[in-house]
Every structure is written in structure tokens, then in C-alpha cells.
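Asker: Mind folding the following:
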Amino acid sequence: MTRIAVCAPATPITRDHAEAAEALVAQEFPEHSIYFHEQCFKSAGHFAGTDLERLEALVELANDPEYDAVWFAKGGYGSNRIAEAAVTRMNGAARSKTYVGFSDMGYLLAALYRYNIGQPVHGSMPVSARSERGREAVRRVLKWFSGDGSGLEPSLDGKTPAVAFNLITLAMLTNTPMMPDLTGHVVMVEEVSEHLYSVDRLFFHLANTLPRLAGLRLGQVTDVPENYVEFGQEAEDIAKFWCNRAGIPYLGRAEIGHTAANRIVPFGLASPSTAG
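Answerer: Purely as a prediction, here's the structure:
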């Protein structure tokens, strides 16, 4: 049994989202329990409550030994505003937990990984549980909590440490106190709702700031806005160009991204078939 607690370090969800996830757990995964912190439903402008409210909820759940995992409710934007403060307040119970999310939650996953707190995991989030396609992604994570590794990114080999990030999130992390040392890692990146020229600019930045990697894999780049003129290269062409410029081995595609097919990537060399 995995005792899962949910908070929203960035933007809020509705009670309908929570009820859909609770129903899925009750009906298909009775071996697990799931608890949604009241903070998930708060609103303060763009955010799920004030910075302090989001920080306190995260630290409360992370430090509570009654839970085995903290599952981030939703991405959006905002976890970077609390990530550094959160990791400085985490206790021994926090260090034994699994933390799951992606997109904007990459700021937290990075900080947790840097400071060796628990097991950070790139994976889909409870907000997706209201649609059938979204439930596929949520089921994938719940199966992984049960020890089923079928939803893992297929390229993981258990020998080379790996991480997965949203492209702009990783670019913003570089040269901050939250950035882990990714030397020797396979880095997987995905993006959503960015122009291709922006994707190119982000790769330019990363090519000049990342350490010596084992390689890079490109996930899905989706919902690309239409520009007034064609950029002239597709996302994979851009990734290959900057990898070649920086001497980073380009390893091909990864099955991660803002889609229902989003696969699971435990950070580091985690066991492929358990949730920690």
C-alpha cells in the first residue's frame, strides 16, 4: 500500500479533479490511499494560495511520516517561488518519500534531487484524472506505485542516471541553487506551447550551460504556436543542431511530454519497478 498525499505547489485544481482521482484510486487501486490537502483548492491570483500557504502545505506533507509519497496536483507556474525554502525545512521523513510530478514541478524535483531528498520522479499528475485519456496517464503512475514498471520510459537502462524536465524549466534552473549536478546523466526534455524559435533559444542556453552529459533525448514538443514565418527547422532538428554544437550525444526520442502517453522517469538510478 502506498499512502499518497497531494498538494499544489503552483496552481490550483478543483474539487471535481480531486474527486475523479479519488474515485479512480478507490475503484481500481484499493491498495493505495490518496489525500488531497485543502491547499489544493485555494486561490491567490494565479496561484493555489499564497507562496506561504503553498510552502506550508508542501512541507507539512513531506515531513509527515503517515505518507509514503507526495504527488503534485498540477503544474502551471509557481513552484520555483517556494522550492528552495521547502527543501531547507524537510526532515528525515521527507527523505524517505517519493515525489511525483512534471512540467513546472521540475523546479521541485530538481531541488529534491540536488539535496538528496527522497526519490524525485517525472510523472503525470492527478489533474488529468477527469478525462479518459488523462486517466491513462494517472493509471500509469498508480501502477508504478504498485510496483508495475510497464509505464517507465523505455530507454531507461538502469545503468546510466537519468532525469526528465520541461525544456524551459531546465533552462531557468541553470546556475541557481536548485540545479543538480547532471554530469554523466541522460537528460530528457519536452516542451509545450512554445514557438520553435523559443525552443531554439532554450537549447542555445542549455548547450552553453549544461555539464558533460551521457546524452540527451527529446520528448514531445506539442501545441507549437503558429509563427508569422516558418522557422525552417523542426524540434528534433533543433535538438540535434545544438547537441552537435555542444558535443552532447543525441540519443533520439523519449516518450515524455504534455500528452496522455507521458512516461515515468525516476531521477537517478532508481529501481525500475518500485516507487521507492
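Asker: Next up, the contacts around the spatially most central residue of the chain.
Answerer: Nearest to the geometric centre of the chain sits residue 102, at 1.9 Å (CA atoms, centre = their mean). Neighbouring residues of residue 102 by CB atoms under 8 Å, 6 or more residues apart in numbering: 75, 109, 122, 123, 124, 125, 164, 166, 256, 262. For the C-beta atoms, the positions are set from N, CA and C on the backbone; glycine is no exception.
Asker: can you pull the contacts of the residue lying closest to the first one once chain neighbours are set aside?
Answerer: Distance criterion CB to CB, 6 or more residues apart in numbering; nearest residue to residue 75, sequence neighbours excluded, is residue 103 at 3.3 Å. The contact partners of residue 103, taken as CB under 8 Å, 6+ apart, are 75, 76, 166, 169, 192, 258.
Asker: at 7 Å what do you get?
Answerer: 75, 166, 258 (CB atoms under 7 Å, 6 or more residues apart in numbering).
Asker: where exactly do the strands run in this structure?
Answerer: In the chain, the strands defined using DSSP state E lie at 3-7, 33-36, 69-72, 98-101, 119-122, 162-166, 186-192, 215-222, 250-253, 265-266.
Asker: now the shortest one: how far from the chain's centre is it?
Answerer: I take that to be strand 265-266. Relative to the chain's own centre, strand 265-266 is displaced by 9 Å; criterion: CA atoms, centre = their mean, to the nearest Å.
Asker: who does that strand touch, helix- and strand-wise?
Answerer: When contacts are defined as 3 or more CB pairs under 7 Å, 6 or more residues apart in numbering; DSSP states H and E, strand 265-266 sits against strand 119-122, strand 162-166.
Asker: quick one: strands adjacent to the first one?
Answerer: Strand pairing for strand 119-122, using DSSP bridges, gives strand 98-101 (parallel), strand 265-266 (antiparallel).
Asker: which other residues reach it?
Answerer: Residues outside strand 119-122 that contact it (CB under 7 Å, 6+ apart): 98-100, 102, 109, 112-113, 164, 256, 264-267, 270, 276.
Asker: Leaving out the residues flanking it, which one is nearest to residue 267?
Answerer: Using CB to CB, 6+ apart and skipping the chain neighbours, the partner closest in space to residue 267 is residue 120 (4.3 Å).
Asker: repeat for residue 77
Answerer: Residue 77 sits nearest to residue 104 (CB to CB, 6+ apart), 5.4 Å away.
Asker: how many neighbours does the one you found have?
Answerer: Other residues within reach of residue 104, judged by other CB atoms under 10 Å, total 21.
Asker: on that earlier part again, kindly reformat the strands of the chain as CSV containing mean neighbour count and distance to residue 132.
Answerer: Converted to CSV, those look like this (neighbours: other CB atoms under 10 Å; distance: least, CB to CB, whole Å):
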stretch, mean neighbour count, distance to residue 132
strand 3-7, 24, 21
strand 33-36, 19, 19
strand 69-72, 26, 20
strand 98-101, 26, 21
strand 119-122, 27, 22
strand 162-166, 27, 24
strand 186-192, 24, 20
strand 215-222, 22, 19
strand 250-253, 16, 25
strand 265-266, 28, 24
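Asker: can you list those strands in TSV and add mean pLDDT and distance to residue 81?
Answerer: Formatted as TSV, the strands of the chain follow (pLDDT from 0 to 100; distance: least, CB to CB, whole Å):
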stretch	mean pLDDT	distance to residue 81
strand 3-7	98	14
strand 33-36	98	21
strand 69-72	98	14
strand 98-101	98	15
strand 119-122	98	18
strand 162-166	98	16
strand 186-192	98	21
strand 215-222	98	25
strand 250-253	98	32
strand 265-266	98	24
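Asker: and residue 180, which of those strands is closest to it?
Answerer: With CB to CB, the closest approach to residue 180 among the strands of the chain belongs to strand 162-166: 7.6 Å.
Asker: tell me which strands and helices that closest one is in contact with?
Answerer: Here strand 162-166 touches strand 186-192, strand 265-266, going by 3+ CB pairs under 7 Å, 6+ apart.
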